[in-house]
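Visitor: Sequence first, then the predicted structure:
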Amino acid sequence: MTIISKNYFSAILLTAGLTSIASCAGDTAVNAPIAQANTIAQRLVSSAVAQKPNSPQFGKPIDCTLGKDCFVLLYSDRDPSPAAVDFGCGRQTYNGHDGTDFAIPDAKAMAKGVPVIASAAGKVLRVRDGVVDRRLQNDTDKANVAGTECGNGIVIDHGAGWQAQYCHLRQNSVVVKPGTQVQKGTVLGMVGNSGMASFPHVHVTFRYQNKAVDPFVGPDAKLGCNTARNSIWDKPIEYVPTGLIRAGFADRPPDENAVWAGQFSETKLPVNIPALLFWVQSYGVLKGDREQYKLFAPNGETIINDSKEIKAPSRTWLRYAGKKNSTNSPLTPGVWRAEYRLTRGDRILTEVNREVELR
């Protein structure tokens, strides 16, 4: 019997992530400063008084159920230094990230189509489409998208000084044009992987008077994570800094590219495969977290009971454990069952149960 175990880290997420682009961002605010004149008895001097933010209510920009078929992978960076921190004092962000990334599990879900929707009523200002979908893996890939980092994107004027920028839509999916009036919930296109993106998602940046606003804390929040939270979401969105992306079985060692592509989703496999590997892809793991893998044969025998401490934090995490198929210790036909648990101290962060039939 051989137990196979290996760690993978998503380097591209640590360095690239998603950024907004000049050609798709930053118009002059719609509402100019308000001119306030002095009384007749005073000298005729005018001064600009900045418009105070109203209290907008924005919906999430994706038609899905959070925690079921989509999740927030990255938040806005609230640290002005080269370090990075999200509003929950966690590390699910990177330096300079100015928006929120609503992700879907893989390219197969992307191909089926997950709608990107308008977070509020407004007028479309700018649109770009035609940028190919591809997962960035290295510096060469990043260089190739220079100038189109937002990928296929849309900028909408939501009124009263507010705009929103929607990025990384699927190629040739954008269905609105400049000048189009949209309502809250209007479909703009489909979630994609275009531009500076290493996973399928929609990135949304809200701006008030041309300044990015973290939607979880509002426009008047101080920098850092220890600040008052006046969310501009129309419904509460739970802060989930650690969670499950996908899990399944594979007949060979999986890697990030294969998993994000949607491979290894089978629930039935040939019994003569070279190995049976149970893999789990998570996000937001921290140093000191502990994960436990269990694998059970069709007769109920425990084949693997592997518990290890995570040695370094990672925004995305892929690990697997399994059994080789050999003459001396063959895989047997029937339903194999696997269990996974991720814990932080005495808290259970993620529990996964999966089955696969070998025949």
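Guide: Arrived safely, thanks for sending.

Visitor: All the helices of the protein, in order from the start?
Guide: Remark: helices assigned in the chain by DSSP state H are 11-15, 107-112, 139-144, 256-260.

Visitor: I'd like to know which of those helices is closest to F58.
Guide: Ranking those by their distance to F58 (criterion: C-beta to C-beta) puts helix 107-112 first, at 23.4 Å. (Each C-beta comes from the backbone N, C-alpha and C, glycine too.)

Visitor: What count of nearby residues applies to D255?
Guide: 15 (other C-beta atoms under 10 Å).

Visitor: my guess is it meets L318, correct?
Guide: Yes. D255 is within contact range of L318, at 7.4 Å (criterion: C-beta atoms under 8 Å).

Visitor: So which of the helices of the chain is the most surrounded?
Guide: Highest mean neighbour count of the helices of the chain: helix 256-260, a mean of 20 (counted as mean count of other C-beta atoms under 10 Å).

Visitor: which residues touch N226?
Guide: Contacts for N226 (C-beta atoms under 8 Å, 6 or more residues apart in numbering) come out as C89.

Visitor: phi, psi of it?
Guide: When read as degrees, to the nearest 10, the backbone of N226 gives phi -90, psi 70.

Visitor: In terms of pLDDT, where does it sit?
Guide: The score at N226 is 92. That number is its pLDDT.

Visitor: which residue is nearest the centroid of this protein?
Guide: Geometric centre of the chain, nearest residue: L73, 3.2 Å, by C-alpha atoms, centre = their mean.

Visitor: Show me where the stretch 251-359 of the chain dips below the pLDDT cut-off.
Guide: Under the criterion pLDDT under 70, no range of the stretch 251-359 of the chain is flagged.

Visitor: could you pull out the strands for it?
Guide: 268-269, 275-285, 290-296, 302-309, 314-324, 334-344, 347-358 (DSSP state E, counting those that start in this stretch).

Visitor: can you check the stretch 101-250 of the chain too?
Guide: Under DSSP E, counting those that start in this stretch, the stretch 101-250 of the chain gives strands at 115-117, 122-127, 152-159, 162-169, 181-182, 187-190, 201-208, 211-213, 243-250.

Visitor: would JSON lines of those with mean neighbour count and distance to E339 be doable?
Guide: Shown next, in JSON lines, are the strands of the stretch 101-250 of the chain (neighbours: other C-beta atoms under 10 Å; distance: least, C-beta to C-beta, whole Å):
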{"stretch": "strand 115-117", "mean neighbour count": "23", "distance to E339": "34"}
{"stretch": "strand 122-127", "mean neighbour count": "19", "distance to E339": "47"}
{"stretch": "strand 152-159", "mean neighbour count": "25", "distance to E339": "40"}
{"stretch": "strand 162-169", "mean neighbour count": "26", "distance to E339": "34"}
{"stretch": "strand 181-182", "mean neighbour count": "16", "distance to E339": "45"}
{"stretch": "strand 187-190", "mean neighbour count": "22", "distance to E339": "34"}
{"stretch": "strand 201-208", "mean neighbour count": "26", "distance to E339": "28"}
{"stretch": "strand 211-213", "mean neighbour count": "19", "distance to E339": "42"}
{"stretch": "strand 243-250", "mean neighbour count": "21", "distance to E339": "10"}
